[in-house]
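Student: Need coordinates for the below:
(one chain, ligands or ions: 2)
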Amino acid sequence: MSRPKPLSGFPEYAPEARIIEQSVLDRLRETFELHGFASIETRAVEPLDRLAKQGEIDKEVYTVQRLHGEDGPADLGLHFDLTVPFARYVLENAHHLAFPFRRYQIQKVWRGERPQEGRYREFTQAVYARPEFIDTLATSTPIKAHVNVDFELHGCPINKYQLLEVLAAFLIGRKPDTPGHSVCIECKLRGTACVLVRGIPCLGPVTHAGCGAICPTYNRGCYGCFGPMETPNTPALTRKLAACGMGERDIQRVYSTFNVGEPPFRQEADRHGA
Ligand code: SF4
Ligand code: SF4
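Tutor: Residues are numbered from 1 along each chain as shown. Ligands and ions are numbered 1, 2, ... in the order given. Predicted coordinates for the structure are as follows:
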């Protein structure tokens, strides 16, 4: 019998990795339940017209059809996240649910995208409380406000080479060497045309390098997910953002989107708070 070819995007872990995966999921379940949230499980399939976006079937949806079923197009699809099944579940069961409905859900979802590095077509998603149920959110603070943190890497996601540098540096007892300059330098190194000079707001001049200036490369301004660079001049950038047409509320929001716990972004957000 010929050896089966693996299907990319559908991970099957070795038993050792499964133990780690299960222990993470167990910890999540335990935490949710200790905070009073009960689990629900919804079916894997939903009617395609419910999964459709504005009448169009999303290309990410895997449709489901019986091989020897009725002729004609499929009318069911595998859920690509847990939002649609949850909304349908609440509608169907509203008469015997207690509100606010404190629930969590951990289930497989399927996305028919071409899997890029680090992305999957079948994966487990965990969804939980709506933010208004998390009463600590308004006063949440960074971890470093509570425990000693040796080094911080920012980014959504972080740069894996910076992570390796930090781990290697600590293993041999030296200071990690991560660039302190701004995303603007990365734009110059890539030859990316500046979006700010064309009037698109961009936090690149005050944001730590490390992403390779991804957003400006795709013609978007930076939102600062890599956190503040060393010695950022946020007031100067704010004047430029205002010249791009941003009002006080927008300026406050852009500095609060990522890393609002970092003093340079926090102070600038507070200066423009409503
Ligand atoms: S696009 Fe943004 S990050 Fe790039 S050079 Fe212009 S201001 Fe700097
Ligand atoms: S350009 Fe800015 S928002 Fe975009 S990935 Fe880089 S640091 Fe994050």
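
Student: give the contact list for Arg88.
Tutor: Arg88 makes contact with 42, 46, 50, according to CB atoms under 8 Å, 6 or more residues apart in numbering. To be clear about C-beta, it is placed using only N, CA and C from the backbone, and glycine gets the same treatment.

Student: Filtering these by proximity to ligand 1, which remain?
Tutor: Restricting those to those within reach of ligand 1 (CB under 6 Å from any ligand atom) leaves nothing.

Student: can you tell me which of those are in strands?
Tutor: By the criterion of DSSP state E, membership of those in strands covers Glu46.

Student: Would you mind listing which of the contacts of Arg88 are buried?
Tutor: When burial is judged by neighbour count using 16 or more other CB atoms under 10 Å, the buried members of the contacts of Arg88 are 42, 46.

Student: I'd like the contacts of Arg88 as CSV, with pLDDT appended.
Tutor: Converted to CSV, those look like this (pLDDT from 0 to 100):
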residue, pLDDT
Thr42, 95
Glu46, 92
Arg50, 82
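
Student: How about the lengthiest strand in the chain, which residues are buried there?
Tutor: Taking DSSP E as the criterion, the chain has its longest strand at strand 103-110. The neighbour-count check on strand 103-110 (16+ other CB under 10 Å) flags 103-107, 109-110 as buried.

Student: Mean pLDDT per helix and strand in this protein: which one sits at the bottom?
Tutor: Every helix and strand of the chain was ranked by mean pLDDT, DSSP states H and E. The lowest is helix 48-51, at a mean of 83.

Student: Test my guess that His79 contacts Pro47.
Tutor: No - in this structure, His79 is not within contact of Pro47 by CB atoms under 8 Å, at 10.8 Å.

Student: which one of those two has more residues nearby?
Tutor: The neighbour count for His79 versus Pro47, taken as other CB atoms under 10 Å, is higher for His79 (25 against 12).

Student: all strands of the stretch 51-200 of the chain, in order?
Tutor: Read by DSSP state E, counting those that start in this stretch, the stretch 51-200 of the chain holds these strands, from start to end of the chain: 63-64, 76-78, 103-110, 122-127.

Student: Other residues contacting stretch 156-174?
Tutor: Applying CB under 8 Å, 6+ apart, the set of residues contacting stretch 156-174 from outside is 150-151, 153, 155, 175-178, 210-211, 225-226, 258.

Student: one more time with 6 Å
Tutor: Stretch 156-174 is contacted by residues 151, 153, 176, 178, 210, 225 when judged by CB atoms under 6 Å, 6 or more residues apart in numbering.

Student: hmm, which of those are the buried ones?
Tutor: Buried members of the contacts of stretch 156-174, counted by 16+ other CB under 10 Å: 153, 176, 178, 210, 225.

Student: mind putting those residues in CSV, distance to ligand 2 and pLDDT included?
Tutor: Formatted as CSV, these follow (distance: CB to the nearest ligand atom, whole Å; pLDDT from 0 to 100):
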residue, distance to ligand 2, pLDDT
Leu153, 12, 92
Pro176, 18, 93
Thr178, 13, 89
Gly210, 7, 92
Cys225, 3, 93
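
Student: now for those residues, which pair is the farthest apart?
Tutor: Set against one another by CB to CB, the buried ones among the contacts of stretch 156-174 have their most distant pair in Pro176 and Cys225, with a gap of 19.0 Å.

Student: Can you tell me, leaving aside adjacent residues, what's nearest to Gly77?
Tutor: Across the structure, with CB to CB, 6 or more residues apart in numbering as the measure, the residue nearest Gly77 apart from its sequence neighbours is Val61 (4.3 Å).

Student: Enumerate every residue touching that neighbour.
Tutor: The neighbourhood of Val61, defined by CB under 6 Å, 6+ apart, consists of 51, 77, 80.

Student: and the chain, which residues reach ligand 1?
Tutor: For the chain, the contact set with ligand 1 under CB under 6 Å from any ligand atom comprises 183-184, 187, 194-196, 202, 204-205, 213, 216, 222.

Student: Make a markdown table out of those residues and add distance to Tyr89.
Tutor: Output for the residues of the chain next to ligand 1, formatted as a markdown table (distance: CB to CB, whole Å):
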| residue | distance to Tyr89 |
| --- | --- |
| Val183 | 42 |
| Cys184 | 47 |
| Cys187 | 46 |
| Cys194 | 48 |
| Val195 | 42 |
| Leu196 | 45 |
| Cys202 | 41 |
| Gly204 | 43 |
| Pro205 | 46 |
| Ala213 | 42 |
| Pro216 | 41 |
| Cys222 | 39 |
